Structure formats: C-alpha cells, structure tokens
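1. kindly generate the corresponding structure for this input.
(2 chains)
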Amino acid sequence: MDSFRSNCCCTRRCLQIDVTAPITRVFLTLKVENAGTSEVSEVLVAFPPTEAEHLAILKASVAEGKRKKKTYVPLSVNPSGSPDAPNDAQLYSVSLRSPLKSGEATTVEVLYVLTHLLEPFPAEISQSEPQLVYYRDSATLLSPYQIVEQITSIKTPSNKVESFTRVDPTSRVGSELRYGPYHDHGPYSYSPVIVHFENNNPFAVVEELVREIEISHWGSLQIRDHYKLKHAGARHKGVFSRHLLIKLPPRVHSVYYRDEIGNISSSHLHIDSQKSELEIEPRYPLFGGWKATFTIGYGLPLQDFLFESHDGRRYLNFSFGCPLIETMVDDLTVKVILPEGSRNPTAAVPFPVDQHLEMTYSYLDVVGRTTVVLQKRNVVPEHNIPFQVYYDFNPIFMFAEPLMLISAVFLFFVACIAYVHVDLSIGKSS
Amino acid sequence: MAASSETKGEGTLRKAFGGVLGFFILLLIGALAFSIRLFSVIKYESVIHEFDPYFNYRVTQFLTKNGIYDFWNWFDDRTWYPLGRVIGGTVYPGLTLTAGSIWWLLNNLNIPLSVETVCVFTAPIFSANASWATYLLTKEVKGTGAGLTAAALLAMVPSYISRSVAGSYDNEAVAIFALIFTFYLYTKTLNTGSLFYATLNALSYFYMVCSWGGYTFIINLIPMHVLLCIVTGRYSPRLYIAYAPLVVLGTLLASLVPVVGFNAVMTSEHFASFLVFIIIHVVALVYYIKGILSPKMFKVAVTLVVTIGIAVCCAVLAILIALVASSPTKGWSGRSLSLLDPTYASKYIPIIASVSEHQPPTWPSYFMDINVLAFLVPAGIVACFLPLSDASSFMVLYITTSVYFSGVMVRLMLVLAPAACIMSGIALSEAFDVFTRSIKLQLPKLFESPPGSGDIDSAQDEVVKVDNKAATDKSETAPKERPSKKNRKKEKEIVETTIKRPLKAKRLLVLPLEASAVAILLLIILGAFYVVHCVWAAAEAYSAPSIVLTSHSHDGLHVFDDFREAYAWLRHNTDVDDKVASWWDYGYQTTAMANRTVIVDNNTWNNTHIATVGTAMSSTEKPAWEIFNSLDVKYVLVVFGGLVGYPSDDINKFLWMVRIGGGVFPHIREPDYLRDGQYRIDAQATPTMLNCLMYKLSYYRFVETDGKGFDRVRRTEIGKKHFKLTHFEEVFTTHHWMVRIYKLKPPKNRIRGKSKKSKSNSKTSPSNLKRHGNLKKNPWQ
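-> Predicted coordinates:
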C-alpha cells in the first residue's frame, strides 16, 4: 500500500462545499495521475474523524465521452481497511473502472454529504435575531496523496458572513468563499478554517424515523412513518417553517396524521396523477431546540409496488429514505412486514445498511409475519432511491385467516346446537 | 310491540317466529345503542374525552403494561406532588379491568388494537349490554313487549348517551350496565326463587361495586324493597333467597375491592342492608313457626317472640349506634351526606359544590336528558300497579328513589334514566297492547257492516286461513269470534273459551276504533320526537370531546386544538421530572397527555393541597412564586379563553380558587377580589384582583393581540393592560392563546441581588430568615 500511495498524486483538486442547507454537500473533483511505476486500480479519499462520523453518503463517478456526450459512470466506493492513516483519519477507496497505468491521469468526481456540521453560535438567541452558525473545515484537502494544485470554495446561503479564517490566497465574492489555489501540499496536510455566517434555514432534523411497510396480498400496502422531529437550530430561534412538505407516491389513500394523543388537525393533501403531496404542520410551532413526534400513515395500491420477478419470486420496490423534503434523518429504520407465510426474504439496497429479520404479529396471525428490518444512520435526501425486498409466497396463505374465521363461527354454531339439544340439568324434570 | 303478536300466538311455529324476531330486534337495538354513540368519532376523532376518562385511560395503560399485581400496588408519584396517590387502593377498578381484559383478549388473538381504541369503544359496547340488560329486567317485570320497548328507549336515552359516547371512558359507562343487570338478577331471583340466580346476583353486585361508588344505591334500594314487601305482607321464601345470599356474598365480595374494604361493614351506607337482613330472618322465623304450630300455640309464641325480638332489636340498634358514633366520619361520607341533605355540600364543602355536575338539575335538563320519558313515567307507574307484583313494586320503588336522587345532583340523572326507560317502555307497550287489540277486535266488524266490499272480505278470509294454519287449536273459536264481537260482554265469553289466554285479559278495555287509531298515531309521533331528539342530543350536544373544540363561522369549520397543543409541547420539550402546576381541572389531562407530574388533579382528595394552589393563584407574584417553588413547581399552566371566547377558562373559575384557598388560608378573602360584590376584571376591578397571579398570567401581553385588551368572554376591556412579569417567564402560548405556560424564573439571581442589599444592613438576618422560612409551613403567611 505504501508504495502504491506514493505512486499516485493529485494534480488538481477542486472542492465545492455547499452549506446553504443544514445538510452540507461537497463536490470534489480529483484529477489523479499515476506518478509511480506500477498500475493503480483504486484512489483513496480521506476524511478527518469528525467528518467521517457525519458522513451520510459518498458517491464517486468518472466522466466518459467527450464534451457533449459526457456521461457519468458510477464507481464503487468501499471503506478502506488500512489502519495506517494518521490521527484516525478514515480512508475510502474508489475503485477505478480500468487500472491506471504509470503516467496516466483520470478525473474522478466525488460527491459526499455531511450532516450536523453546522454549529449554531451563539447557541441561544432571541426571536428577532438572525441565526449564526459555525462551519469548520480545512482549507486544504485531507489526502494521502501529494496535491499539486487545489482550490476550495465554500458557498454560504447569503452574503452575510461574520468572519472567516484567512489562509492566503483567500477571496470572497458574494456568497462564495474561495481558498486557494494552493500548490504542492504534502500528504495529510491540514489547515483548519472556521467560517461564521448567517443561516436562517430551518434546521429540521428527524432524530429517528421508523417506517413500517406492511404488505397485504389482498391489494394494499400500508405505510406507517413514526417521526421524531427536532429543530436543531439555535435555541429559541424564531418561527420554524411550520409547513413541512411530504412527498407521497401517487394514488395514496387513507392518509392520517397523528401523534400519541390523537389526530393533528393541520394538514393538507394534494393529489394528482404524478405525485401526492402532504403539507403538514407540527402540533405546535417548533422553535430552536424544540421537539415533536408524530406518525403519518397511508395506504397504497399494491400493484404499484409489488412485482413478480422472472424466477417466480415476488419483490417489493419501494423508496428508501425519508419522504420529508430536504430533511436529514439521524437514525432510519425501515421495517418491511411481509405477509404471513412468506419465506426466504432478501433485501437489495444500493448502499450499505444494517439488516436483520424479526417477527411481527398482526390481525389473527398464528405463525407471525416475517419482517425485514433495515437500519441506517445519517440518511439524507440522496438516499431516496428504490430498494427491493424479494421473498417467496404461496397464495394459499392468503386464505388461512378467512378460513380460520369461518371455522370459528361454524364451531360456535355447532356448540350452540349442541347446547340446545343436550340436557345438562342434574335433577330429573318431568 | 312485537310481543303483542307473540302473546297471542299459541302455535309453536308462531312462538319460534316471535323468538327469532325478538332476537333480531334485540340485536338491532344493540347495534343502535352502539352506533348512536359513534357520532363523536365521526364528527371529531377516536379520542378519549374530557377529564376523568383521561385518568382511567392512564390507569388502563398502566394495567396493560405492568400487569394486575403492579396495578394493585401502584403508588403514583406523578400526581399530588409531593404526596403522591395510592392508585390501586383508591380507584374503582371495574372499568379499568374490563377494558384491560378486552385488550388482553384481543391482543392474545393477535388483533393489535391500541389500548386507546379499546378504551374509546368500551362505553358504546357496554351501552349495548345495558340495553340488553334492560330488556331482561323489564321482561321480568312486564313481559317481552315492554322489555323490547324499554331496551329500545334505553339504547338512545340522552342522559345515558351523555356519559357513554365513544371516548367517554368513565365508570358510569359500565356501571349503568352493572346496575341494571344486578336489578335484573334480583327480580329474576324474586320471580324464580332460584339460588343460582341469587349467586349470580351477588357476583353482578360485586362487579357493580368494582365499577362505581353508586353501588350504595343498590345496597340501599334492595333492602328498602325487601322491607316494603315484608310490610305489605308479600313475604315469601323467594324473597328470602333473593335477599339473604346477596347480603352475605355481596358484602364479602365488596370488601375484597380495595377502595371499599372495611367500609362495606363500617359505614352507614351499608347499615340498612344489615338491619333488613336481621328483620328478614325474624320474619322468616315467624313464618316458619307459624307453619309448624297450631293457631293457638302460635299466639303464645308471638307474644314470646315479640318480647324477645324487641329486646334483641334494641341491643342491635344500640351496637349500631355505638359503631356509627365511634367511626371517624360518623359513618357518612361527604357525598352521601349531600345526597340526604342537598344543601350540605354548598354549606360545608366548596370543592364538591364547585363541580357543575354536583349541582341540582334544572327543569330543562330533565327535558333534555330524558325528554318524552318524563311524561310517560306516570303512565308506567300506573301500569306497574295493574297488577302489582314483587318485581313491579321494585320498579316503582326504583323510579321513586331515583327521581329524588336526580333532583339532588345532575349527575344522578344517570340513575334515573334506566328507571324512566323501563317505566316508559311498560307504559308504551301496555298502551300499544290496548290500542292494537281494540283495533284488531273491531276491524272485522267494520269490514263486514258495509255490504258489497267483497274483495276485503276475501282478504279477511285469507287472514283467517293463515290463522288456521298457524294456530290449529284456535281454529274453532277464531271464526266465531269475528261476527259475534258486538259488545264487551260477548267478548268476555269468547275469552273464556280460549283456554290458554291469561286471566288478566278479561279485564282489558276495548277502546273505540278511531280513538285507538289516533292514539297509536300520536304515540308513534311521540316516539319519533324522542328518536329525533336523541339523535340530535347524541350528535350535537353530547359528542364534543371537550379537548378539541370546533366552531362554525362564515368561512367554515374552525378547530381549536389548543389543549393538546400545550400538552404535547409539555411532553416533548420539558424535562420528564418537571412539575406542572395548574388548577385541578387539568390535572388528569396533564398527567395522561403530557406525562408530567402535577400538584393537584381531579381526584380532589386533599383539600389543603388544592387550597394551596388556589392561594398561589390568588396571591401576588412573589408569594405565588414562593409557594410554587416550595412545591418544586417548574411550570405553571393557565387556561385563558379571552381571545377566542372560551367561557370555561381559569378566570371564570377563579372565584372558586379564591373561595377554596380562603377556606384554608384565611388571609385570602373573597371580598378583596370583588368590587361591590361583583366579580370583574375591567378597570373597576380591585387592585388585589388586578395584581393576583391568575390575572397576570392570563392577561400577560394580551394587549398586544388587538391593542385594546378586549376580553371576549367577559365582554369588557381588561383593567390592567401593560405589565411585566418579574418571577415568571412565558415559555409557551398556544395558537389561540387558550393555554399559556409559564416557567418559574430560577431563584439564584433573585436571591443574590437581595442578599447584596441586605448584607449592608445586617449579616446574620438573611440566614435566619432563610431558616425561618424553611421551618414555616406557609412562608407566604
């Protein structure tokens, strides 16, 4: 590995950091050149431990084709196991499509999303004051490679920047801060910067979201989303945007919006053929630091989401992630409750998640319903992509419960008939 | 109504048909009783209503979560801080156990209904049960027809609906069923003399004791009836079997309920039953001796027994009086005393008097709650005397006593409602019986007299044929009946020829045909009015859950969900151990919905504690802060209706706070808050009023809403508009300002500033003052 690292170097790196929303998005363009002698098949990206903790998603792609026919081909990204990075820096390796021969160069586009990087300061403010936040980063990219030239630009939501660290050359144009270009920085160089700027965006954070997706082969899909919402901004910050928008699939029905003490009467549902939008307000306005919990449930037609694959297995195709628009989720749990009697469930999710199986007991179940539980931390809107759960199901199980009810009623009547016709009295009546 | 066909039909087929019809009518009555109570769910939502149901809901949640043993031993530290409350020993567990078992059963069948859903629908389910129990009871008194009518009336009587709509999860919902069912089993035992029913009766009484404090009504009414029977010479072994096991088993079972315990033998409410228990034994002995002795010997024995009996009675009475005198409450609880003396509560216990449902009812509330039944009841009483049986004399006694009790307290209208339904059911059924029979007997005559109406005749023949098929043994008398019926005399003869017809039919009147037809029409219209009124009452008057309010304005429906907004805020944004002070009305809701510790709640068991909160609310800011701080209170919650015109807010309840507070802490004087005997909050109000905490917390920043500070409930501009709070800070105000939550400012800053000042004067005094303040129970005095 050592030799390999010295083999490679970045010739140019352009880092764009977008901190307009509470979620920080970073676009990284790496131009990598193999300066060594042997072939290189992967490029390493490094993160300081604080950022690695808040890393929600990391995607890499490589541009192919000429200017106009340019297409981006996604590359696979995996955490690198090498423990030799200094100061607990986390390494991720991007596998290139074709190994880079000595002297060759390629451009890798990396997108990663970080959550909870903005820290409100001052932490407590009055209603009329604007909310100021700190953003901490490095002017130079943390990288295991020698970087020939690099530029970092930070985009703030408005022109109002209280202060920022200068690491010359540094310039500010409007809402953009530009650090660099810097030349020839060695591996793992780090120069911390702090930007203090105004950010009045609502810091809606879903601390915990549990999505229950229940499949019924009688034709409906029941979704229950349990939210724990928090305003993560400065304490006592003015009005939280009371209106939250939730994107629901089309043809949604029986929508409810409630919390543990009953229905919440402030919501509007707009349905059209393409999509449904549910506009909700929390029970009370969320000021900075305030929390609220609520549940949104709805039904969907099964044929839109359940399909049969070529090998006869059934699979559910549903969107992962939080339906709340532009919101991050700290802890997301998706529970897919398969119908009673289904076997061999497997989940196909395009990014790493923790998964296990459990049993759920619902209406008149005897053996219970197999439930696929998927868990993921730091979920951002980029995770709203479809995932699949495959399972085997014999349709005969659909009739188990109706037959059970029929036989129970039948037995009841038989018992009644028996009772009427049998004389149970001890004494002899004439 | 359907019974008229049944009583006349002799054929088994007809009887079976009547039975099936009756069964389906009962089923429909049950469905009606259940569904008429669902207006609240349809118009609002499936949610627990009002105040007490929230407590019951919370107890049920605890029961389902922790099991029955933890429930019995539950010491609740979330309420009456710092005293706490022993829930398991102070609550009537019937309702909770019922709903808990329903939930347990459903969950064991893997029907995942939430505890809330089960609680919401418990009351409607038990209303259906209650209407079936009414059928059974009335059937024992006056037969199936009256039973069905009474059940139908009870299914929708507004008085009962008011306590049993879906979501009204209160003791009364199941207790009324238990009450009627106990009465049914009592009359059933009276009629049959079966020990089986007597045992069931004791069990049903046990369920009633579990469910509601109103069980004392049963344990006094039944002895009264037994006494009545004995006095009027109607003693029979059946009466003995109906009564003696009930007292023995019932008392034993009742003392198993922790909240009753030894009260079942120690308090005056139960003494009547023991006295009658002795009397019935004496009477039974007399009857027994009378049976085995010759009349001559009996006379001797009577003189002997009377002398001994009087001596024994005197001794027992002396013991009873001694027991009563030695028991701490003189044997009577405050609520019982206020039943016997309606003015007792308003004189001595302001906390009982302050509850609106403990006030005597007004005449309109009778019309509202039992509607046309009020007019039918006298007819029912008359019908009960024709003829008077043991069961019907019981009903007469029941209606008489319940009319009295309903006159004392609005809430006991609920006990009157079943009696009124049964009486009206009897009245209606008897009336229909008479009218339909009159028509039936006279119709053929009417059809035969005009000649040339052949088609009607043929129709008549068909009817006769049907009659022949159905009742073969009647075929001989039936055709003769029709032409010969000219006057009552002849009818009597025919009645005599039919063997199976009961003897009482002889005396029945036949009214003129037109009068009967019109009367039936009028009765149907009366019934229709009743139905319309009941549906209206169920839909409009009694379905509001009172935690969600709605109003119709020109731009449509407006929802006021402020209470839950505030409770949800408290639940999610305060520390789990924070204490919230509010007037006691909101205690149950705060513990159930916000899950925060409260100082006082709707179980008004400690008057001093409530008076302390009342005093704090009536004091100025600083003493109030000290009181609250000494109780570890962190948040103060007030309900304010001035912005939207919600009349039952804290300012309107404030005089009760002053009164109750002043009852314990005499430095709070009601006249200080009244200007010339009038309660006002405008510029004319007294300075005490304008500076008290309740005024300040209610009207803080109120002037910012419209610039004038116009209170829409009191319809006046407030007296003091611009002021600041020094010891409290506003932390949350709901959308319509109906609930306002304040936080006590932390004490440290204040004391530091104070001690700086006092340091210059004397160094020892602050610490002395502090210690003194700690020792004093009420630092604000």
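2. so who does the closest residue to B:S402 other than its chain neighbours touch?
-> Among residues not flanking B:S402 along the chain, B:L416 sits closest, at 4.3 Å (CB to CB, 6 or more residues apart in numbering or on different chains). Quick note: C-beta positions are derived from backbone N, CA and C, even for glycine. Residues in contact with B:L416 (CB atoms under 8 Å, 6 or more residues apart in numbering or on different chains) are B:159, B:370, B:399, B:402-403, B:405-406.
3. mind putting these in CSV, neighbour count and secondary structure included?
-> CSV is the format used below for those (neighbours: other CB atoms under 10 Å in any protein chain shown; DSSP: H, G, I helix; E, B strand; the rest coil):
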residue, neighbour count, secondary structure
B:S159, 30, helix
B:I370, 27, helix
B:I399, 21, helix
B:S402, 21, helix
B:V403, 18, helix
B:F405, 18, helix
B:S406, 25, helix
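4. adding pLDDT and distance to B:D70, write the residues you listed out as a markdown table.
-> Output for the contacts of B:L416, formatted as a markdown table (pLDDT from 0 to 100; distance: CB to CB, whole Å):
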| residue | pLDDT | distance to B:D70 |
| --- | --- | --- |
| B:S159 | 91 | 36 |
| B:I370 | 86 | 42 |
| B:I399 | 93 | 43 |
| B:S402 | 91 | 38 |
| B:V403 | 90 | 43 |
| B:F405 | 86 | 37 |
| B:S406 | 87 | 39 |
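5. so which of these is the closest to chain A?
-> B:S159 (26.8 Å; CB to the nearest CB).
6. surely the closest one touches B:D369?
-> Yes - counting by CB atoms under 8 Å, B:D369 is a contact partner of B:S159 at 3.8 Å.
7. intersection of neighbour lists for the two?
-> B:413, B:417.
8. in a helix, the residue nearest to B:S402, correct?
-> Yes - under DSSP: H, G, I helix; E, B strand; the rest coil, B:L416 falls within a helix.
9. so what's it scoring on pLDDT?
-> Note on B:L416: pLDDT of 91.
10. quick one: buried residues of stretch A:272-279?
-> A:276-278 (16 or more other CB atoms under 10 Å in any protein chain shown).
11. ok, these vs chain B, which is closest?
-> Nearest member of these to chain B, counting by CB to the nearest CB, is A:L278, at 17.6 Å.
12. so that closest one sits against A:I271, correct?
-> No - counting by CB under 8 Å, A:L278 stays clear of A:I271, with 9.3 Å between them.
13. nearest residue to B:K622 in space, please, no chain neighbours.
-> The nearest residue in space to B:K622 (CB to CB, 6+ apart) is B:H727, at 6.1 Å.
14. wait, doesn't the one you found sit right on B:L744?
-> Yes - assessed by CB under 8 Å, B:H727 is found in contact with B:L744 at 6.8 Å.
15. which neighbours do the two share?
-> Shared contacts of B:H727 and B:L744, counting by CB under 8 Å, 6+ apart, come down to B:W625.
16. now the residue nearest to B:S402: how far from B:L137?
-> Separation of B:L416 from B:L137 (CB to CB, to the nearest Å) stands at 15 Å.
17. and if you look at B:V703?
-> Taken as CB to CB, the span from B:V703 to B:L137 is 60 Å.
18. looking at those two, which is more packed in?
-> Neighbour count, other CB atoms under 10 Å in any protein chain shown: between B:V703 and B:L137, B:L137 has more, with 31 against 17.
19. what's the burial count for A:V366?
-> 11.
20. which residues does it contact?
-> A:340, A:400, A:404, B:110.
21. buried members of these into PyMOL, please.
-> In PyMOL syntax, the buried subset of the contacts of A:V366 is picked out as below (16+ other CB under 10 Å):
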select buried, chain A and resi 340
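22. B:V300: which of the contacts of A:V366 is nearest?
-> Nearest to B:V300, judged by CB to CB, of the contacts of A:V366 is B:N110 at 73.2 Å.
23. helix, strand or coil: sort out the closest one for me.
-> The three-state label given to B:N110 by three-state DSSP is coil.
24. for it, phi and psi?
-> phi 60, psi 40 (degrees, to the nearest 10).
25. wait, what's in contact with it?
-> If a contact means CB under 8 Å, 6+ apart, then B:N110 has A:361-366 as its contacts.
26. which two of the contacts of A:V366 have the greatest separation?
-> A:A400 and B:N110 (12.4 Å).
27. how far does stretch B:627-641 stretch from start to finish?
-> Using CA to CA, to the nearest Å, the gap from the first to the last residue of stretch B:627-641 comes to 25 Å.
28. and it, does that touch chain A?
-> No - using CB under 8 Å from any CB of the partner chain, stretch B:627-641 never reaches chain A; the gap is at least 13.9 Å.
29. now that stretch: average pLDDT?
-> For stretch B:627-641, the per-residue pLDDT averages 90.
30. ok now it, how far from the chain's centre?
-> 32 Å (CA atoms, centre = their mean, to the nearest Å).
31. same check, this time on stretch B:250-266
-> 21 Å.
32. cool, and stretch A:284-293?
-> Worked out by CA atoms, centre = their mean, stretch A:284-293 lies 22 Å from the chain centre.
33. what does that stretch contact?
-> A:120, A:124-125, A:131, A:202-204, A:207, A:226-240, A:242, A:259-260, A:282-283, B:565-566, B:568-569, B:572-573, B:732, B:734-735.
34. ok, now stretch A:80-98?
-> Under CB under 8 Å, 6+ apart, the answer for stretch A:80-98 is A:1-2, A:40-49, A:52, A:55, A:58, A:60, A:62, A:73, A:75-79, A:106, A:108, A:110, A:142, A:144, A:188.
35. list the buried residues for that stretch?
-> A:80, A:85, A:89-94, A:96.
36. what are the ranges of the strands in the stretch 301-430 of chain A?
-> For the stretch 301-430 of chain A, strands defined by DSSP state E, counting those that start in this stretch occupy the ranges A:306-308, A:314-319, A:328-337, A:343-348, A:354-360, A:369-379, A:386-392.
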